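# Below is the sequence, then the predicted model.
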Amino acid sequence: MRTYWFTEDCYPDIPPLEEIESVRVNLPNSHCDPQRAHELYNWYLDLWCMAEEKGLDIMNNEHHQTITCMVPAAPLMLAVLARETKTARLLILGNPVSNRRNPVRVAEEMAMIDVLSKGRLDCGLVRGVPYEAQPANRSPLRGSQRVWEAHDMIMKAWTTHDGPFNFEGRWFHGRQINIWPRPYQEPHPPVWITMGGRTSTPPVAQHKHVGAVFLAGYPRIREIFDGYREDYLKMHGEHAPFDRLAYLGLVYVADDEAKAREGAEKLLWYMSANKVPPYWSNPPGYHPPKVAAQIMRGARGGAGIPLTAQLDDQIARGNVFAGTPDQVYEQIKSFWEYSGGFGNMLMMGQAGWLDHAETERSMELYAKEVFPRLRELEASTTPEEAWEKSKAMPIRDNVALDGFALEFVR
Amino acid sequence: MDATTETLDLPQGKITVSRKGSGQQILLLHGGGGPVINLPFADALAENYELISPVHPGYNGTPAPDHFDGMSDLVHFYLDVLDAIDIDNAILIGFSMGGWLAAELASISCEKFSRLILVDAVGVKHGGPTDRDIADVFGLPGDKLAQIMWHDASKAPDPADMTDEQMEMMAGNRIALALYTWEPYMHNPKLRHWLHRIDIPTLLIWGASDGLVPPDYGRKYAALIPGAKFVEIPEAGHSPQGEQPEKFVQAVTQFVGEGAAS
């Protein structure tokens, strides 16, 4: 079991939500004080370095034109961390290759970070959330197809060592592709792909890549993880190892329940501050017409009002794990067993105004008192056993589905 | 007046074509909102003409071929459509995005057409990189869109009155619109260099209150087409055929009549 510690590098100092139309795409950057951004960047880097000191690995990501994530170029942040850290795995989850114009550049950047870090890169390739369509000026239609074409081009670039090759796909083209340097890891850095539903699992399982799921919670995790495991078993004749699956949740651990609630409420800023109107959350071609119609009606996420972010509800869903170390362990254990098991916990440990002391204490308690027990939990069983055990559990459909996971899964 | 509808199975995919009326052919190429053959202006024209209205692939629940990426695909698809529906001496009318399509087709060949009418059409860019020639329909709230598209925004359809099926169709049409227009947004940078080839009488009809593609855009568009005329319809937005059907039909018939006299 690995735990990748994650913050999305938000810029929290914005006007009250009721005074602005959106936190994404069109909030003027006059609201950004570069001095404050400088301090935040350096603080976030300090937090990641602290995570390594506590025995955790590192995850970062990128978004564009948004206060929720100040990193429009995740490889730059990761390059700094490749130099600042010595042992932690460096997970970028991920490169939004559906919106990138040139996958070869991604292959080059990733190879560079892998070499700089002496083989510590875990490389995620993602479609990107719907609000990325406008900043990228990239039509979201057929975005998943573009992800896989970019994937094929990147894999080929990483693993070709005998001179230039040709790649002329539907979207991406190169006739003399021959990247320098080559990646440090053989045959290539581990690849992670986000999975948002049953239909997205087969190609991930086919390649034996790590399938990552964000905030799908109890309502959807079985559909996706079971799908991956079924595909993997069918395609490779063996059970998917735990380390092929990853789950991202918000995690806050404190010494007592009151402090835990207080910290978790602050962490929920990640959800409650995500005010986005439907014309950014529903770009044409991202969602199928049925879902798009529901968003247009305001019947699901993206209607311009903050989504439900009640702490107890989110804990019940399996999106948030918060409490004392014992409580957090029990919450994650319950979800882990229900999900059939996974080998990578992606821990969103900081958001909004959660300050240094609060973040550090939670990280400390997680690393010392929760994580070791999760490793024991994983070591106590096998993927096959854990899967069988989960199948025997009744499906938990007590938590109603809304648009939340829909928008955050990728 | 009811239209008859057939589905044509063409080499690149299927297309639904509706027809109503009889007389000289009018080929109607609909805009981003979808087919307009059931609007009152079409009934009025069908009294004297045969209206032929294909549904662009992707619209009204029809599939767009997998290989489609943009307007160029639609243009080449329509070369097959024009052969299949036996177009001859037709009046080609294109609305908005359908106007772009009509201008592209006419730039390739006017052989099958006697006249070209572009209605609040997109397809070219006049300004510099930072000029927003055409409002970003994918980046505006619904009420703002209604304001710029209608002279009288109170006439705009209200999603609250729509059934789930209608909403789903609208959402599907929006996806098709993006398929054809996303980038370069609503235009083909090359088209302005091809428009000189159009050698049939051409009229541009524009809603005077169109805030999506303003009349000034239309005047500049007309200047790129040899001999093209420009007429504004007062108290109409982006769809003068919908908002001022009588004035619209009058503009069309007057233009066609001028042709008969000369």
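Nice, thanks for sending it over.

# Please name the strands paired to the helix or strand encompassing B:Thr7 in the sheet, noting orientation.
In the assignment (DSSP states H and E), B:Thr7 maps to strand B:4-10. Paired neighbours of strand B:4-10 in the sheet (DSSP bridges): strand B:13-20 (antiparallel).

# What's the mean pLDDT across the partner strand?
In this model, strand B:13-20 has a mean pLDDT of 97.

# Give me the buried stretch members for that strand, please.
Buried residues in strand B:13-20, counted by 16 or more other CB atoms under 10 Å in any protein chain shown: B:13, B:15-20. C-betas here are computed from N, CA, C, even on glycine.

# and if you look at stretch A:174-181?
Using 16+ other CB under 10 Å as the test for burial, stretch A:174-181 gives A:174, A:177, A:179.

# Pull up the distance across it, start to finish.
Using CA to CA, to the nearest Å, the end-to-end distance of stretch A:174-181 comes out at 17 Å.

# what stretches of the chain score poorly on pLDDT?
As the question left the chain open, I've gone with chain A. Filtered on pLDDT under 70, chain A yields the residue ranges A:299-308, A:397-410.

# Actually, chain B is the one I wanted.
Where chain B drops to pLDDT under 70, the residues are B:259-262.

# Please point out which parts of the strand holding B:Thr7 sit buried.
For strand B:4-10, the neighbour count (16+ other CB under 10 Å) marks B:Leu10 as buried.

# And for it, what's in contact with it?
The list of residues contacting strand B:4-10 from outside it, by CB atoms under 8 Å, 6 or more residues apart in numbering or on different chains, reads B:14-20, B:77, B:80-81, B:84-85.

# any idea how far chain B is from A:Ser272?
Noted for A:Ser272: a distance of 22 Å to chain B, by CB to the nearest CB, to the nearest Å.

# mind listing the helices for chain B?
B:40-46, B:71-84, B:97-108, B:142-149, B:164-181, B:215-223, B:240-243, B:245-261 (DSSP state H).

# I meant the stretch 251-400 of chain A, not that one.
Here the stretch 251-400 of chain A has its helices, by DSSP state H, counting those that start in this stretch, at A:257-267, A:269-272, A:278-281, A:289-297, A:311-317, A:325-339, A:356-365, A:371-379, A:383-391.

# which of the ones you listed is buried the deepest?
Of all those, helix A:278-281 carries the top mean neighbour count, a mean of 24, counting by mean count of other CB atoms under 10 Å in any protein chain shown.

# list the helices and strands that helix packs on?
Counting contacts by 3 or more CB pairs under 8 Å, 6 or more residues apart in numbering or on different chains; DSSP states H and E, helix A:278-281 packs against helix A:289-297.

# is chain B contacted by the helix it packs on?
Yes. Using CB under 8 Å from any CB of the partner chain, helix A:289-297 reaches chain B at A:289-290, A:292-293, A:296-297.

# what would the residues you listed look like in JSON lines with distance to A:Arg317?
Output for these, formatted as JSON lines (distance: CB to CB, whole Å):
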{"residue": "A:Pro289", "distance to A:Arg317": "27"}
{"residue": "A:Lys290", "distance to A:Arg317": "23"}
{"residue": "A:Ala292", "distance to A:Arg317": "24"}
{"residue": "A:Ala293", "distance to A:Arg317": "25"}
{"residue": "A:Met296", "distance to A:Arg317": "25"}
{"residue": "A:Arg297", "distance to A:Arg317": "23"}
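
# need the residues of chain B near chain A, please.
Residues of chain B lying near chain A (CB under 8 Å from any CB): B:138-142, B:159, B:164, B:167-172, B:174-175, B:177-179, B:182-183.

# Distance check, B:Thr253 against B:Leu203.
Taking CB to CB, to the nearest Å as the measure, B:Thr253 falls 11 Å from B:Leu203.

# Looking only at neighbour counts, state which of those two leads.
Each of B:Thr253 and B:Leu203 has its neighbours counted (other CB atoms under 10 Å in any protein chain shown); B:Leu203 has more, 24 against 14.

# Leaving out chain neighbours, which residue sits closest to the more buried one?
Closest residue to B:Leu203 apart from its sequence neighbours, by CB to CB, 6 or more residues apart in numbering or on different chains: B:Phe255 at 4.5 Å.

# again, but for B:Trp194
Closest to B:Trp194 by CB to CB, 6+ apart is B:Ser107, at 4.0 Å.

# Out of the buried residues of strand B:13-20, the closest to chain A would be?
When these are ranked by distance to chain A (CB to the nearest CB), B:Gly13 comes first, at 16.0 Å.

# gap between the spatially most central residue of chain B and A:His207?
Against the mean C-alpha coordinate of chain B, by CA atoms, centre = their mean, the closest residue is B:Phe95 at 2.0 Å. Relative to A:His207, B:Phe95 is positioned 46 Å away (CB to CB).

# nearest spatial neighbour of B:Phe41, skipping sequence neighbours?
B:Pro245 (3.8 Å).

# show me what contacts the one you found?
Counted by CB under 8 Å, 6+ apart, B:Pro245 has contacts B:39-41, B:44.

# Would you mind giving me the PyMOL syntax to select the buried ones in those?
To isolate the buried members of the contacts of B:Pro245 in PyMOL, using 16+ other CB under 10 Å:
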select buried, chain B and resi 41+44
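
# Now distance to B:His126 too, for the contacts of B:Pro245, in CSV please.
Converted to CSV, those look like this (distance: CB to CB, whole Å):
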residue, distance to B:His126
B:Leu39, 29
B:Pro40, 32
B:Phe41, 28
B:Ala44, 32
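
# Nearest to chain A among the contacts of B:Pro245?
The closest of those, once distances to chain A are taken by CB to the nearest CB, is B:Leu39, at 22.5 Å.

# right, and the closest one touches B:Gln241 too?
Yes. Using CB atoms under 8 Å, B:Leu39 is in contact with B:Gln241, at 6.5 Å.

# Flag every residue of the stretch 151-300 of chain A that's near chain B.
A:277-280, A:283-285, A:289-290, A:292-293, A:296-297.

# Save these as CSV, and put in distance to A:Phe321 too.
Listed next are those as CSV, based on distance: CB to CB, whole Å:
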residue, distance to A:Phe321
A:Pro277, 30
A:Pro278, 30
A:Tyr279, 34
A:Trp280, 29
A:Pro283, 32
A:Pro284, 36
A:Gly285, 34
A:Pro289, 35
A:Lys290, 32
A:Ala292, 32
A:Ala293, 34
A:Met296, 34
A:Arg297, 33
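
# what about A:Phe167, distance to A:Ile177?
6 Å.

# now B:Asp152
Separation of B:Asp152 from A:Ile177 (CB to CB): 56 Å.

# What is the neighbour count of the closest residue to B:Met71 other than its chain neighbours?
Setting aside the residues directly before and after it, B:Met71 is nearest to B:Tyr180 in space (CB to CB, 6+ apart), at 5.0 Å. A count of neighbours around B:Tyr180, defined by other CB under 10 Å, yields 25.

# just checking, B:Tyr180 touches B:Leu74?
Yes. Proximity of B:Tyr180 to B:Leu74 meets the contact threshold set by CB under 8 Å, at 5.6 Å.

# Show me the common contact partners of these two, please.
B:His56.

# Is A:Tyr4 in a helix, a strand, or coil?
strand (DSSP: H, G, I helix; E, B strand; the rest coil).

# How many residues are close by it?
A:Tyr4 sits with 26 neighbouring residues when counted by other CB under 10 Å.

# Correct me if wrong: B:Ser114 contacts B:Asp88.
No. At 9.1 Å, B:Ser114 does not count as touching B:Asp88 under the criterion of CB under 8 Å.
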